[in-house]
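K.L.:
Would you be able to build a 3D model of this:
(chains A and B)
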Number of protein chains: 2
Amino acid sequence: MSRPDADAAPSSGDEHGRPDAPLGRVLRILESFDQTHPALTVPELAARTGLPSSSVYRIVRELIAYGLLERAGDGMLRTTLRLWELGTRSAPRLRLRSIALPFMEDLRRIVQQHTQLSVLDGTDTVYLERLQASSGVRNIMSPAQRVPARVTSSGLLLAAYLPPYRQTEILGADVGEHWLVAEPPPGARVHEATIEELRRLTARFRRDNFASLPGWITPDTAGISVPVRDRTGEVVAALSLILDNDPALIDSCLPALRATGASISRFLGWDPPARG
Amino acid sequence: MSRPDADAAPSSGDEHGRPDAPLGRVLRILESFDQTHPALTVPELAARTGLPSSSVYRIVRELIAYGLLERAGDGMLRTTLRLWELGTRSAPRLRLRSIALPFMEDLRRIVQQHTQLSVLDGTDTVYLERLQASSGVRNIMSPAQRVPARVTSSGLLLAAYLPPYRQTEILGADVGEHWLVAEPPPGARVHEATIEELRRLTARFRRDNFASLPGWITPDTAGISVPVRDRTGEVVAALSLILDNDPALIDSCLPALRATGASISRFLGWDPPARG
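P.N.:
So this is what the prediction gives:
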């Protein structure tokens, strides 16, 4: 949803949802708002959605009537708290977020690095929570950010525990040009990796129960991730740190990351088998 | 949106949004899901919305196609991460939540009580964040919970700083039977208060910069709230503790609550005038 090419593709990334059906048009308009564009005008919405201004105007009026958009003091349109409530009141995986949150706060306090929790959704990862460290490197991910799983340490870690057909889907997913945030930092790019390289990486991540991708998205940052398991042992999320691409720093932060991932998993009911 | 009487009232609480228009029907279905009903069937949705099963079935199919609902392993329908993203990526007041969060974690750690952040929306308060204390009393509010402002300490505190016509709206708002969560705890009720009593309370809260409502919602709990201000001095949120209805406990927790409210306000740029 955060990819600016969403206009060209069928809305909401599902091949069954027709972008020109009434609900498709509503979603195209709501999806135009994001962290870098929290306020938009009708002409801007028309440009971003490719819909005629007259249609945008009519749908916007309806969305205001239903309390999903509001006109701010400056005349710009914004999404409302009501839209946030709609998705937040029942989102199944937010229980995970609320359980993990205090552990994540402790971890951030101890290592002083950006701390993230993400889950897999289709071939993307979605960030359930991101705690920003004031001292850390620039972190380009935001909460509710969606990125192709194959471009980040958390995504490749989550892929590592899946059956082969799902791995193939994820590792082979089309990343496209707009793989990242709307305004990526200078130098950010998709790491050029063949599917074979990705397969070797995920095999190693699964063996090590730990993923590290130094210098992938920008040369000076690294992402490291560990699994979070539920009581059945299934990997349900990735806990990650985003930090300077410095091997000594990565080594010194890793034990705390591992310990926190294990603590959250224990809290979810996971009782790891004893190692021989 | 969390009030079960939403079916009777126009959907989404806005008098301009027609509940039988296509978007109104979509919202009635999405609003049927909440924390106590995270998974529903088509017949349950028909019962909760009052829509014919055939309409519900058709709309559900469309919502699945657009990725807003999904059918879980058990065949039940659930809302998706995509719906959560839609509201989370741009919600204007979530910046406030993310700034307040670490301060709230500290406060919870220190006082060991449920810690909440809420904002006013129309005549309701909406909880942006709720940090549960394991040792605390039962807390019936959940994140993204919406309740009439006049029934809680945070709501009356927020009303206290508004112009008279807005106070009248809020204090006189119709609370109805379903004023609280779908399944309130035994003994929970709306405190019987005349509008005059509410006016006296808000005047006191404004003078004291602090609200306390011991025994209002249940006899054995109390809510205490302080204002959070932005750099212009405007009160933008209430920071609250929910705790045992014990005057000594309330007195001992109050300084930490006040200090944290002031810290968050400072972080938002508020520089309080020196007192003479």
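K.L.:
Now for A:V26, how many residues are close by?
P.N.:
21 (other Cβ atoms under 10 Å in any protein chain shown). All C-beta spots, glycine's among them, are computed from the backbone N, C-alpha and C.
K.L.:
Could you do A:L45 as well?
P.N.:
24.
K.L.:
and it, what does it touch?
P.N.:
A:L45 sits next to A:29, A:32, A:51, A:56, A:60, A:77 when contact means Cβ atoms under 8 Å, 6 or more residues apart in numbering or on different chains.
K.L.:
Out of these, which sit inside strands?
P.N.:
Using DSSP state E, A:L77 are the members of the contacts of A:L45 that sit in strands.
K.L.:
biggest separation within the contacts of A:L45, which pair?
P.N.:
Spatially, the most separated pair among the contacts of A:L45 is A:L51 and A:L77, at 14.1 Å (Cβ to Cβ).
K.L.:
Return the set of buried residues in the strand or helix carrying A:R25.
P.N.:
Assigned by DSSP states H and E, A:R25 falls within helix A:22-30. By 16 or more other Cβ atoms under 10 Å in any protein chain shown, the buried positions in helix A:22-30 come out as A:23-30.
K.L.:
now the residues you listed in CSV, with distance to chain B and pLDDT?
P.N.:
Below are those laid out as CSV (distance: Cβ to the nearest Cβ, whole Å; pLDDT from 0 to 100):
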residue, distance to chain B, pLDDT
A:L23, 6, 91
A:G24, 7, 92
A:R25, 10, 93
A:V26, 6, 94
A:L27, 6, 93
A:R28, 11, 93
A:I29, 11, 94
A:L30, 6, 93
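K.L.:
closest to A:G17 among these?
P.N.:
Distance to A:G17 across the buried residues of helix A:22-30 (Cβ to Cβ) is lowest for A:G24, with 5.7 Å.
K.L.:
now that closest one: how far from A:I217?
P.N.:
Distance, A:G24 to A:I217, using Cβ to Cβ, to the nearest Å: 32 Å.
K.L.:
B:L81 is in contact with A:R93, correct?
P.N.:
Yes - between A:R93 and B:L81 there is a contact under Cβ atoms under 8 Å: 6.4 Å.
K.L.:
Specify which residue of those two has the higher count of neighbours.
P.N.:
Neighbours per residue, other Cβ under 10 Å: of A:R93 and B:L81, the larger number sits with B:L81, 25 against 17.
K.L.:
check contacts around that one.
P.N.:
Applying Cβ under 8 Å, 6+ apart, the residues near B:L81 are A:91, A:93, A:119, A:121, A:126.
K.L.:
Repeat that for A:F103.
P.N.:
If you count contacts by Cβ under 8 Å, 6+ apart, A:F103 has them with A:260, A:263-264, A:267.
K.L.:
Derive a PyMOL selection command for the buried subset of these.
P.N.:
Command for PyMOL that selects the buried part of those, burial taken from 16+ other Cβ under 10 Å:
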select buried, chain A and resi 260+263+264
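K.L.:
with the contacts of A:F103 in mind, which one is nearest to chain B?
P.N.:
Nearest to chain B, judged by Cβ to the nearest Cβ, of those is A:F267 at 11.1 Å.
K.L.:
buried stuff in the longest helix seen in chain A?
P.N.:
Counting by DSSP state H, the longest helix found in chain A is helix A:247-267. For helix A:247-267, burial by neighbour count (16+ other Cβ under 10 Å) applies to A:249-250, A:253-254, A:256-258, A:260-265.
K.L.:
Now find how far off-centre it is within its chain.
P.N.:
20 Å (Cα atoms, centre = their mean, to the nearest Å).
K.L.:
helices and strands around that helix, which ones?
P.N.:
helix A:94-111, strand A:211-214, strand A:221-229, strand A:235-244 (3 or more Cβ pairs under 8 Å, 6 or more residues apart in numbering or on different chains; DSSP states H and E).
K.L.:
so can I have JSON lines of these showing distance to A:A47?
P.N.:
Converted to JSON lines, the helices and strands packed on helix A:247-267 look like this (distance: least, Cβ to Cβ, whole Å):
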{"stretch": "helix A:94-111", "distance to A:A47": "33"}
{"stretch": "strand A:211-214", "distance to A:A47": "35"}
{"stretch": "strand A:221-229", "distance to A:A47": "32"}
{"stretch": "strand A:235-244", "distance to A:A47": "32"}
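K.L.:
Mean pLDDT for the ones you listed - can I get that in TSV?
P.N.:
Formatted as TSV, the helices and strands packed on helix A:247-267 follow (pLDDT from 0 to 100):
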stretch	mean pLDDT
helix A:94-111	88
strand A:211-214	94
strand A:221-229	95
strand A:235-244	95
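K.L.:
Please name whichever of the ones you listed is nearest to B:L86.
P.N.:
It's helix A:94-111; of these, that one is closest to B:L86 (Cβ to Cβ) at 14.1 Å.
K.L.:
continuing past the closest one, what's the next helix or strand?
P.N.:
Helix A:94-111 is succeeded, C-terminally, by strand A:114-121 (DSSP H and E).
K.L.:
Could I get the buried residue list for stretch A:48-65?
P.N.:
Neighbour-count burial for stretch A:48-65, counted by 16+ other Cβ under 10 Å, picks out A:48-49, A:51, A:56, A:59-60, A:62-65.
K.L.:
for those, which one is nearest A:L157?
P.N.:
A:R48 (33.0 Å).
K.L.:
doesn't A:V42 make contact with that closest one?
P.N.:
No - at 10.8 Å, A:R48 does not count as touching A:V42 under the criterion of Cβ under 8 Å.
K.L.:
re earlier: and the buried residues of stretch A:48-65 near chain B, which?
P.N.:
A:62-65 (Cβ under 8 Å from any Cβ of the partner chain).
K.L.:
returning to what we had before: let's have the buried residues of helix A:22-30 in TSV, adding distance to B:P227.
P.N.:
Compiled in TSV, the buried residues of helix A:22-30 are given as follows (distance: Cβ to Cβ, whole Å):
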residue	distance to B:P227
A:L23	40
A:G24	42
A:R25	41
A:V26	36
A:L27	37
A:R28	39
A:I29	35
A:L30	32
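K.L.:
so where is chain A shaky, pLDDT-wise?
P.N.:
Scanning chain A for pLDDT under 70 picks out A:1-16, A:92, A:135-143, A:176-191, A:275-276.
K.L.:
can you list the domain ranges for it.
P.N.:
A:4-88, A:94-267 (automatic domain parsing).
K.L.:
of those domains, which approaches B:G17 most closely?
P.N.:
Comparing the domains of chain A by Cβ to Cβ, domain A:4-88 comes nearest, at 3.9 Å.
K.L.:
Contacts for the longest helix of chain A, please.
P.N.:
A:99-100, A:103-104, A:106-107, A:110-111, A:113, A:209-210, A:212, A:214, A:222, A:224, A:226-230, A:239-241, A:243, A:272.
K.L.:
Having no further points to raise, I will conclude here.
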